[in-house]
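coordinates only, sequence not included:
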């Protein structure tokens, strides 16, 4: 599984999607914040579901564990 697939799977878990048919992301813009010396990337995440899609957000602590496990 490549890094892009891992990111999409992580976003699916983050938003609690279970009955989706398709999901994707793309980088909308990238910038450099000179005040904080940070690179900033704005991403767009899209998903299509079967019937009504109910999202169930993951708790922050669980998300951090998942991020550390994936990356």
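Thanks, I have it. Fair warning: this is a prediction, and the values are worked out from it, not measured in the lab.

SS state for the residue nearest to the spatial centre of the chain?
The geometric centre of the chain, computed from its C-alpha atoms, lies nearest to residue 11 (C-alpha atoms, centre = their mean), at 2.8 Å. What DSSP: H, G, I helix; E, B strand; the rest coil gives for residue 11 is helix.

In contact with it, which residues?
Each residue near residue 11 by C-beta atoms under 8 Å, 6 or more residues apart in numbering is listed here: 23, 25, 45. (Glycine included, C-beta is placed from N, CA and C.)

List the contacts of the first one.
By C-beta under 8 Å, 6+ apart, residue 23 lies in contact with 8, 11, 12, 17, 45, 46, 47, 48.

Give me the subset of the residues you listed that lies in strands.
45, 46, 47, 48 (DSSP state E).

Can you tell me the SS state at the closest residue to the third one other than its chain neighbours?
Distance criterion C-beta to C-beta, 6 or more residues apart in numbering; nearest residue to residue 47, sequence neighbours excluded, is residue 23 at 3.9 Å. Each residue gets one of three states, and residue 23 gets strand by three-state DSSP.

which SS state does residue 35 fall under?
coil.

Could you shift the numbering so residue one becomes 155, and keep it that way?
With the count now opening at 155, the last piece we talked about shows up as residue 189.

So for it, what's the pLDDT?
As predicted, residue 189 sits at a pLDDT of 94.

Tell me the backbone dihedrals of it, please.
phi -70, psi -40 (degrees, to the nearest 10).

Could you give the number of residues near it?
5 (other C-beta atoms under 10 Å).
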